[in-house]
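Engineer: Could you look at this predicted model? Sequence included:
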Amino acid sequence: MKMKTVLKGKGAVASAVVLTLLAVAAAAVQAAQPARRGQAAPPAATPPLELVTEHVRGNIYMIGGNGGNVTVQIGNEGVLIVDSGFAQNAQALLAEIRKLSKEKIDYIVNTHYHPDHTGGNAIIAPTGQYVGGVGIGVAPRAAIWAHENVLTRVSTTTGSGKEPLIPAQGWPIETYFTATQELVFNGEPIQMIHMPNAHTDGDSVIFFRRADVIATGDLFNTTMYPYIDAAADGHINGYIDALNRIIDLAIPAENEEGGTLIISGHGRIADEYDLLVYRDAITIIRDRIADMISKGMTLEQVQAARPTLDYDGIYGATSGFWTTTQFVAAVYNNLKQAN
Amino acid sequence: MNFPRLPLCAIAATLFAGSAAQAQVDLTGMWGQLMHSDAPDRGAGPDYGDYTGLPLSAAGLLRAETWSDQKWTVPEHQCEPHPIDYAPWGPAGMRVWSDVDHPTQRMTALHQTFQWMITHRVIYLDGRPHPSQYAPHTWMGFSTGKWIGDKLVVNTTHIKEGWTRRNGPARSEKGKLTEYWMRHDNVLTITSITEDPVYLTEPVVRSMNWQLDPGYQHGPYPCSARVEIERPQGFVAHFLPGQNNLIGEFRKNLGVPIEAAQGGAESLYPEYEQKLKEMIKAGKK
């Protein structure tokens, strides 16, 4: 099943202008934050205006087009979403979720701290209601779950204005620090599994065990090389370890197809084979760069040797927030430090 | 003699409808593969390093030359079937059947299963659009067909990453496939055109034949993945660039110059035969 929301007409123009201004403002805020260890900033807000909903399996849906992909689980108890996209498109996302279910939103689960996955928290959470959070003098709102390092990252004040990465309304105050965290919602066991030092230091994959669907956040993308956020203690080896763990969790059906379905952080719905293709590519590139380092090659020499040549047409970029050059440099620096 | 008008119209409508439908040829049945051309490549499989006649890009050549068949020792890779752009080329007896909308008697879809790994493909004939960029990719892809006279033209997108030859040349998930299905008497010909902006500089074009074989039956689904060689977790089979010493054997054994073994768009055309002769005569390696 596929549904599209496209902002049209004068409203769309006005919205586009507002969104562009917000995007510029958000980019300016991010630009004001100090870049650490020469890393790229987390994805800047350049929100597209088209949201596309795909039915994944059973009561699970994926909404693409608002920064990171958003997973939606619906049922009699309410709605749970994994990640909330950019803040600028949160209202449109909310409207898209409402097409799937009119029930209250009980939970937001964040896979990591980047604003293209957490930006909508502060807008969507107050519209929901977590049943356990109801009390005298307490405004109803959805509970926001994440690994505790996500809370640390989004609440850290940075920049000249000392503002946090996202407003306090959007902070995940239901956190876990252990290897896994369990939740049962809409009759479905859900596991949050921490993948240390991969894309960031607070990555979780969210495993819907009845639907047999895994939301990976940015630990798997079908459209780009891994963004290694070294400033947040991400590392290429942790990233590959995470891919291997997700492959272990997934069980394919006949012909290495289907079975466990994977919702990527950016890009399309996938399965174990697609993870294998990505894992193989990233491992091969890592091995090539490691071999070049062992031969004493400098970063400039490695870049010139183009260790990613055969995968650039799929995952590479020459512009944008995460280019192939930045990816190669990140892998090189990770591996060089390990040496 | 006066014929009642309404029944006459009805008869005429039926006749026209029937004749329109007759432009469609029956493609259903059990089809035995006629592997006349390139039998060694399609049956036993090609040698390491034989990329002759493939229009590989620089990325495609690097991908091919660093590929390792040790990949098949990894359980997760063992039950991969051939993707739809390669499947009819490999061992490919076929069963083809149709869905028919009963009230209109229009064919709404063709189904196809291949002998190798019993893959099942659907070709939609009901005019539906292709899925969004967020939809899953599958080995068989998403296919829609349209009749042009008695030829069926099939367009396929959303194909999983696969291969154009079984020794490493890859086809990315950005690739797409166009097929022309033509039946002459009891022979079915499919001409396929594979395009890939990542690993090919020009399309790969193939023509394949089948003969109607009512007695043919597929075997059961054959694959059960298991550990055959113990590997560390995350093992990925590949050669580092320049370190694949297996790709030279084909060239040495057949006296094929490196340039020709590496394929490329130029090698697709008849003029290349003369160039190849000159390279061999000049002792090029």
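Structural biologist: On my side now, so go ahead.

Engineer: okay, CA-based contacts and neighbour counts for the rest of this
Structural biologist: Noted.

Engineer: The one helix or strand residue A:116 maps to - what's its average pLDDT?
Structural biologist: Assigned by DSSP states H and E, residue A:116 belongs to helix A:115-118. What helix A:115-118 shows for mean pLDDT is 96.

Engineer: Please apply the same query to stretch A:242-256.
Structural biologist: On average, the pLDDT along stretch A:242-256 is 97.

Engineer: Next: stretch B:100-117.
Structural biologist: Mean predicted confidence for stretch B:100-117 is 95.

Engineer: do the same with stretch B:188-198
Structural biologist: Averaging pLDDT along stretch B:188-198 gives 98.

Engineer: Can you name the residues that contact the residue lying closest to residue A:182 once chain neighbours are set aside?
Structural biologist: Excluding its sequence neighbours, the residue lying closest to residue A:182 (C-alpha to C-alpha, 6 or more residues apart in numbering or on different chains) is residue A:191, at 4.7 Å. Contact analysis of residue A:191 by C-alpha atoms under 8 Å, 6 or more residues apart in numbering or on different chains lists A:180, A:181, A:182, A:183, A:205, A:206, A:207, A:208, A:209.

Engineer: Just the buried subset of these, written out for PyMOL, thanks.
Structural biologist: Buried subset of the contacts of residue A:191, written as a PyMOL selection, criterion 16 or more other C-alpha atoms under 10 Å in any protein chain shown:
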select buried, chain A and resi 181+205+206+207+208
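
Engineer: Could I get the full set of helices for the stretch 151-285 of chain B?
Structural biologist: Using DSSP state H, counting those that start in this stretch, the helices of the stretch 151-285 of chain B run over B:247-254, B:258-261, B:271-281.

Engineer: just the ones you listed: most buried one?
Structural biologist: Highest mean neighbour count of these: helix B:258-261, a mean of 19 (counted as mean count of other C-alpha atoms under 10 Å in any protein chain shown).

Engineer: Residues contacting that helix, please?
Structural biologist: By C-alpha under 8 Å, 6+ apart, helix B:258-261 touches B:49, B:50, B:51, B:52, B:251, B:267, B:276, B:285.

Engineer: got these as CSV, with distance to chain A columns?
Structural biologist: Shown next, in CSV, are the contacts of helix B:258-261 (distance: C-alpha to the nearest C-alpha, whole Å):
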residue, distance to chain A
B:49, 17
B:50, 18
B:51, 16
B:52, 19
B:251, 23
B:267, 21
B:276, 27
B:285, 24
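
Engineer: Let me know the pLDDT of residue 77.
Structural biologist: All of this refers to chain A. pLDDT, residue A:77: 96.

Engineer: look at chain B instead
Structural biologist: At residue B:77, pLDDT is 95.

Engineer: Is the helix or strand where it lies positioned near chain A?
Structural biologist: In this assignment (DSSP H and E), residue B:77 forms part of helix B:75-78. Yes. With C-alpha under 8 Å from any C-alpha of the partner chain as the criterion, chain A is reached by helix B:75-78 at B:76, B:77.

Engineer: list the helices and strands that helix packs on?
Structural biologist: In this structure, helix B:75-78 packs against helix A:272-294, with contacts taken as 3 or more C-alpha pairs under 8 Å, 6 or more residues apart in numbering or on different chains; DSSP states H and E.

Engineer: Give the next helix or strand downstream of the helix it packs on.
Structural biologist: That would be, after helix A:272-294 and using DSSP H and E, helix A:299-305.

Engineer: Show me what counts as buried in that next one.
Structural biologist: Quick answer for helix A:299-305 (16+ other C-alpha under 10 Å): A:299, A:302, A:303.

Engineer: and if you look at stretch A:142-161?
Structural biologist: For stretch A:142-161, a neighbour-count test (16+ other C-alpha under 10 Å) marks A:142-151, A:153-155, A:158 as buried.

Engineer: Kindly provide the distance from residue B:146 to residue B:124.
Structural biologist: To residue B:124, residue B:146 is 9 Å away according to C-alpha to C-alpha, to the nearest Å.
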